[in-house]
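In: How does the following fold in three dimensions:
(one chain, ligands or ions: 1)
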Amino acid sequence: MTVRTRIAPSPTGDPHVGTAYIALFNQCFAQAQGGQFVLRIEDTDQARSTPESEQAILDSLRWLGLDWQEGPDVGGPHGPYRQSERGGIYKKHCDELVAKGHAFHCYRTAEELDQLREQLKESGKATLKPSDLALPAEEVEKRKAAGEPYVVRMNVPESGTCVVEDLLRGAIEIDWAQVDAQILLKSDGMPTYHLANVVDDHLMEITHVLRGEEWINSAPKHKLLYEYFGWEMPVLCHLPLLRNPDKTKLSKRKNPTSILYYQRAGFMPEALLNYLGRMGWSMPDESEKFTLDEMLKHFDIQRVSLGGPVFDVEKLSWLNGLWIRELQDEQLADRLQQWLLNRENLLKVLPQAKGRMETFGDFMPLVSFLAAGQLPLTEDSFAGNRLELDEQKKLLQFTLWRLEALRSWSKDNIFATVKELSTQMDIKLKDFNAPLFVAISGTTASFSVMDAMGLLGPDLSRARLRQAIDVLGGAGKKVLKRWEKEFASLG
Ligand code: GLU
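Out: Below is the predicted model of the structure:
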């Protein structure tokens, strides 16, 4: 049997280090056994998926040095590798489940579902079962005749226990009482993750599914779907989730999570990949620095330990230092040029710097903030601004939220966003800009903060706003709640 694994990212945001971590283990698992590694794009959430996000995911996984044998960019015999192009396949398989009585059309309205959930809460049950959702046959006919929208749901047992085998965890028991009559096909005809994932894993001949542990609770549904279809289920292996140093689930509020951040902040792809390889895994000789080839050579999935691996930027930086010191000077010179110190980038920055230069010597100090990863900020850095520190902190958070939602990163769009927000918050643009200036450039004596953000790019800009909020003491849960409300009411 040829081992085949896959990574199935959803293109709904920045390329996440967690995606690269899962990809790395899938690639190693397959290739260590002479198998194949497939990349599939799970873009069934049409409202949130974007081609830009897909491209960024592919680019950043490639930047890290990962490599797949089949995928949307390289083709292969099991395509298309983008779920949005496989609609007919899911529909056909879903019809088959309905015909066999394993799934049913559900005409329940949103209001009815809300009501049912209320009743459920009162009765102390956790999930909606087919019996809860059933409508009298004539009512179904009526709604069908009226052309009302429906979803397709799967039948699930009311009670009992489902046992799922996991390569690392052994037998996992999950009560069927916890599993609801999952929607398989939405009213817009698009499949949900569960249906599409099972159908694709089967048709793409995936033998081993290595994915994050957040999917364990979905495993019973998947197992049942394989049974309904009469297909053999791939071996499941749930990898431990990456964590912040405080052991909570890795989140961008506490750590940069976008691969693009690490790229822009000057990390070496080899070092980041090396670090991801150490997430829950170690070399037989416990060596800390190793290449992808070395990892492949020694890969054994049983060496994965399930305690939550901590993604610690300080450790990563330390490891990155080891990698840098092992480069020949010639190589390092090339790397620095590739990274930021190239003619193209110089030409982008010069228009901003030129007007403020008297000698060439002024250039480096003027632009050094563009090359730094994080700035040496303290509360004092913000003390000279007119607004109270708390007010500055809030404005930085609000700006961050707005900029996180900004689709296309350009100076003009950033400016429009900031201007609108300052008007809505009734703060003069000059006062509003001052804390942004400090957060982004480390000083107010630099060129326009909008230009600076344009040049820094979204990942580093957002990371700096987050860093500034932290430097100002951060925001506790309570404060965040209050701010969220206020932010939402701004319109
Ligand atoms: N699209 C899912 C995700 O983004 C894939 C989960 C899986 O590997 O089954 O996490």
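
In: all contacts plus neighbour counts: C-alpha atoms, from now on.
Out: Noted.

In: and whichever residue of the stretch 51-200 of the chain sits closest to the ligand, how many neighbours?
Out: For the stretch 51-200 of the chain, the residue positioned closest to the ligand under C-alpha to the nearest ligand atom is N197, at a distance of 6.3 Å. The criterion is other C-alpha atoms under 10 Å. On that basis, N197 has 18 neighbouring residues.

In: ok, now the one 5 residues further on?
Out: As a burial measure, the neighbour count of H202 was computed by other C-alpha under 10 Å and equals 17.

In: For it, pull up the helix or strand it's in.
Out: For H202, the element it lies in under DSSP states H and E is helix 193-203.

In: counting contacts, what elements does that helix pack onto?
Out: Packing contacts for helix 193-203, counted by 3 or more C-alpha pairs under 8 Å, 6 or more residues apart in numbering; DSSP states H and E, involve helix 87-99, strand 183-185, helix 219-229.

In: Give me the contacts around the last one.
Out: The contact list for helix 219-229, computed with C-alpha atoms under 8 Å, 6 or more residues apart in numbering, reads 97, 102, 156, 162-164, 174, 176, 179, 182, 194-195, 198, 232-233.

In: of those residues, closest to F363?
Out: The shortest gap between F363 and any of the contacts of helix 219-229 belongs to H194, at 54.7 Å (C-alpha to C-alpha).

In: residues near the closest one, how many?
Out: Counted by other C-alpha under 10 Å, the residues lying close to H194 total 17.

In: wait, it sits on L185?
Out: No. With contacts counted by C-alpha atoms under 8 Å, H194 stays clear of L185, the gap being 9.5 Å.

In: Could you list the residues of the stretch 101-250 of the chain in contact with the ligand?
Out: Contact residues of the stretch 101-250 of the chain with respect to the ligand, defined by C-alpha under 6 Å from any ligand atom, are listed as R211.

In: Tell me which residue in the stretch 101-250 of the chain sits closest to the ligand.
Out: When C-alpha to the nearest ligand atom is the measure, the stretch 101-250 of the chain has its nearest residue to the ligand at R211, with 4.7 Å between them.

In: So that residue, which state does it fall into?
Out: For R211, the secondary structure call by DSSP: H, G, I helix; E, B strand; the rest coil comes out as strand.

In: contacting residues for it?
Out: I7, I22, C237, H238, L239.

In: For the first one, give me its contacts.
Out: Read that as I7. Listed by C-alpha under 8 Å, 6+ apart, the contact set of I7 reads I22, A23, N26, F37, V38, L39, R40, L210, R211.

In: would you list every one of the helices in the stretch 201-350 of the chain?
Out: For the stretch 201-350 of the chain, helices defined by DSSP state H, counting those that start in this stretch occupy the ranges 219-229, 259-264, 269-277, 292-297, 313-325, 329-339, 343-354.

In: Quick one: closest of the ones you listed to P458.
Out: helix 259-264 (8.5 Å).

In: Only alpha carbons, please: show stretch 207-220 as CSV.
Out: C-alpha atoms of stretch 207-220 as CSV (Å, rounded to 0.1, in the frame of the first residue of the first chain):
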residue,chain,number,x,y,z
THR,A,207,-4.6,6.4,3.8
HIS,A,208,-3.6,8.5,6.8
VAL,A,209,-5.3,11.7,8.1
LEU,A,210,-2.9,13.7,10.4
ARG,A,211,-4.7,16.7,11.6
GLY,A,212,-5.1,19.0,14.6
GLU,A,213,-6.7,17.6,17.8
GLU,A,214,-9.5,20.1,17.5
TRP,A,215,-11.1,17.7,15.0
ILE,A,216,-11.3,14.7,17.4
ASN,A,217,-15.0,15.4,18.1
SER,A,218,-15.8,15.3,14.4
ALA,A,219,-14.3,11.8,14.1
PRO,A,220,-17.5,9.9,15.0
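
In: Would you mark the buried spots in it?
Out: Judged by neighbour count using 16 or more other C-alpha atoms under 10 Å, the buried positions of stretch 207-220 are T207, H208, V209, L210, R211, G212, I216, N217, A219, P220.

In: ok, now which ones touch the third one?
Out: Translated: V209. Applying C-alpha under 8 Å, 6+ apart, one finds that V209 lies in contact with T5, R6, P234, V235, L236, C237.

In: partners of it in the sheet?
Out: Here V209 sits in beta bridges with L236, going by DSSP bridges.

In: how much space between it and P435?
Out: Note on V209: its distance to P435, by C-alpha to C-alpha, to the nearest Å, is 47 Å.

In: Now R462: closest residue in space that isn't a chain neighbour?
Out: The shortest distance from R462 to any residue that is not its chain neighbour, by C-alpha to C-alpha, 6 or more residues apart in numbering, is 6.3 Å, and that residue is L400.

In: The one you found contacts R466, doesn't it?
Out: Yes. Taking C-alpha under 8 Å as the definition, L400 is a contact partner of R466 at 7.5 Å.

In: These two: which has the busier surroundings?
Out: Per other C-alpha under 10 Å, whichever of L400 and R466 has more neighbours is R466, with 23 against 20.

In: Show me what the longest helix anywhere in the chain is packed against.
Out: In the chain, taking DSSP state H as the definition, the longest helix is helix 449-471. If contacts are counted by 3+ C-alpha pairs under 8 Å, 6+ apart, helix 449-471 sits against helix 259-264, helix 343-354, helix 363-371, helix 389-404, helix 411-424, helix 429-441.
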